[in-house]
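Undergrad: Any chance you can model this:
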Amino acid sequence: MKDLAIISLPRLDLTRPAIAPAILSSLADDINVTNKIFDFALKTYETSKKEDWREYELFWQVDLKYELSKVLKTKLDKLFDQFVNDVISLGPKFIAISVFSHNSINATTLFLEKIRLKTKAKIIIGGQGIQSKIGEDKTYAETLLEKGLIDVFCSGEAETTFKKALQSEDGSGVNNWNWVQMDNLDNTPIPNYSHYKLDNYHHLESGKSLWVNGSRGCVRRCDFCDIGKRWKKFRFRSGESIFAELSKQIIDHDINSFQFADALINGSLKSFTDTNLNLIKGIEQKQIHRPLFGGHFIVRPASQMSEEHYKVAKQAGLDYISIGVETGSDELRWRMNKKFTNDDVAYHLEMCRKYEIKNLFLMFCGHPTETLNDHKKTIEMFKRFKRYAAYGTISGLEVANASIIDDTPLAHWAMENRMVYSNEGVRGDNKFWYNQNNPTLTLSERIRRQLEVYETAIAMGWPMNQMTSSLKYMKSLLVQAKENNFLHY
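TA: As a prediction, the model looks like this:
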């Protein structure tokens with residue numbers, strides 16, 4: 001028997017366990033609330049046939065409105081019935097669900113509709129997915145509260161709200177959106193991963209891996225991104241605090257690598273450097289073995305990020321980073337408010353080649369202001385940097401199609417410029433838009449450009465990530481556009 005059941009549900013990256021439930025567990029431990037974590041995202045994968053799981057992965061993506069067959073619906077129902085029974089058998093007073101994103105909504109709703117009928121436990125939800133918009137006015141959290149499927153939602157940071165919810169206290173962020181951002185992230189607890197069977201996750205070649213949060217917010221305000229809406233200020237932990245967490249996880253769980261969940265691990269060069277120096281000191285003093293780590297990384301010009309920064313980072317264990325290059329057009333990237341050039345990318349790649357740091361390129365096609373000339377510059381970029389793919393410096397490429405996310409600078413621009421665009425539905429993550437001032441950029445044309453990017457990248461020897469799932473997603477988008485009679489197909 002436990003006081004609290006902490007639940008993870010699909011859709012999640014299964015390379016490593018989610019960090020939010022582990023933080024909730026530590027917070028509960030602080031006030032002597034006994035707890036257990038259930039990772040039903042991993043369990044769904046482990047108990048499903050591969051072809052069934054692929055169908056579920058499409059179903060979780062709410063913007064696709066993907067319908068499962070009756071057979072698969074029945075299978076999923078039975079699976080979630082078992083999940084509910086597993087939780088009920090624990091006899092918890094509290095049930096906490098981490099709603100990671102808008103793509104957790106279908107699984108969360110299914111689980112809540114089943115478990116609400118079988119328990120009087122206090123049900124608490126939190127996570128970024130709870131603020132997803134359902135219809136015109138209400139969030140997902142407010143909708144669930146109104147239906148009686150939950151008792152409490154926690155907005156903002158769990159460190160300031162979750163204990164209040166467990167102790168039946170009111171306050172900022174408890175059943176309201178008036179949460180206050182933490183000023184000192186060093187006060188965040190070290191996540192408790194003792195409930196997880198870490199060997200069961202889909203680890204990389206480096207071995208067992210965990211997430212770590214080094215900062216919240218972002219130093220940039222890219223026009224397509226909603227991080228600035230959620231985090232008004234950029235806050236970062238000290239290098240000492242991050243080192244204390246990494247060293248504990250290495251010692252307790254024999255962890256070989258870490259992935260920073262930050263918007264940018266080098267958003268603060270001071271914190272980034274302090275963390276690296278603390279790791280180097282710990283390695284040299286044989287307190288820990290040298291871990292590998294990575295995360296999202298911003299491309300900076302040489303005037304901001306010197307060769308010494310790369311050298312020290314590699315010595316500390318920096319191994320694999322994701323860079324949001326987005327496009328090969330400097331002009332379009334500037335319109336996105338990314339504020340770096342292809343020459344800056346070239347400098348970054350040369351430093352990474354020299355210090356053997358691998359890069360995953362993140363890009364998307366069809367920004368509402370993208371011209372055919374912008375697209376051609378993207379095609380040329382693949383040719384310019386192909387040698388770095390041959391070196392292995394570029395170790396992956398992921399390409400998406402442009403969305404307009406509700407309440408971002410791009411969404412505001414879209415309305416001001418009278419684009420055909422609806423912010424109805426979950427999150428307002430909309431791919432069915434049309435810019436009448438850029439009339440040739442239809443949905444079909446955006447997908448054509450994405451396919452041309454794939455073809456060019458493959459021809460230039462770039463390694464591709466998640467291409468098969470992206471192609472299925474593109475096909476589903478076109479089918480949905482036709483079925484809904486989208487005029488600008």
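Undergrad: which residue sits closest to E331, ignoring its sequence neighbours?
TA: Spatial nearest neighbour of E331, chain neighbours left out: D374 (6.8 Å); criterion: Cβ to Cβ, 6 or more residues apart in numbering. (Each C-beta comes from the backbone N, C-alpha and C, glycine too.)
Undergrad: which ones are touching that neighbour?
TA: 327-329, 331-332, 367 (Cβ atoms under 8 Å, 6 or more residues apart in numbering).
Undergrad: any idea how far it lies from P409?
TA: 18 Å (Cβ to Cβ, to the nearest Å).
Undergrad: in the stretch 351-489 of the chain, which spans are helices?
TA: For the stretch 351-489 of the chain, the helices defined by DSSP state H, counting those that start in this stretch occupy 372-384, 386-391, 409-416, 443-459, 467-483.
Undergrad: Would you format those as a markdown table with distance to T139 and mean pLDDT included?
TA: Formatted as a markdown table, the helices of the stretch 351-489 of the chain follow (distance: least, Cβ to Cβ, whole Å; pLDDT from 0 to 100):
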| stretch | distance to T139 | mean pLDDT |
| --- | --- | --- |
| helix 372-384 | 35 | 98 |
| helix 386-391 | 42 | 97 |
| helix 409-416 | 16 | 91 |
| helix 443-459 | 28 | 95 |
| helix 467-483 | 24 | 80 |
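Undergrad: Relative to T143, which of these is closest?
TA: Nearest to T143, of all the helices of the stretch 351-489 of the chain, is helix 409-416, at 21.0 Å by Cβ to Cβ.
Undergrad: Now do the closest one: distance to the chain's middle.
TA: 23 Å (Cα atoms, centre = their mean, to the nearest Å).
Undergrad: Export it to CSV, keeping only CA atoms.
TA: Extracted in CSV, the C-alpha atoms of helix 409-416 (Å, rounded to 0.1, in the frame of the first residue of the first chain):
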residue,chain,number,x,y,z
PRO,A,409,4.5,35.4,-32.1
LEU,A,410,3.8,33.6,-35.4
ALA,A,411,0.2,33.0,-34.4
HIS,A,412,-0.2,36.7,-33.6
TRP,A,413,1.4,37.6,-36.9
ALA,A,414,-0.9,35.2,-38.7
MET,A,415,-4.0,36.9,-37.3
GLU,A,416,-2.7,40.4,-38.0
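Undergrad: Next secondary structure after the strand or helix carrying T74?
TA: For T74, the host element (DSSP states H and E) is helix 70-88. Per DSSP H and E, the first helix or strand lying C-terminal to helix 70-88 is strand 94-98.
Undergrad: Now do that following strand, average pLDDT.
TA: Across strand 94-98, pLDDT averages out at 98.
Undergrad: quick one: buried residues of the following helix or strand past that strand?
TA: Remark: after strand 94-98, the chain's next helix or strand is helix 105-115, criterion DSSP H and E. Going by neighbour count (16 or more other Cβ atoms under 10 Å), the buried part of helix 105-115 is 105-112, 114-115.
Undergrad: residues making contact with helix 105-115?
TA: 7, 9-11, 40-41, 44, 59-60, 62, 76-77, 80-81, 83-84, 87-88, 95, 97, 99, 123, 125, 129, 132, 140, 144, 149-150, 426.
Undergrad: now the residues you listed: which count as buried?
TA: For those, buried by 16+ other Cβ under 10 Å: 7, 9-11, 40-41, 44, 59-60, 62, 76, 80, 83-84, 87, 95, 97, 99, 123, 125, 129, 132, 140, 144, 149-150, 426.
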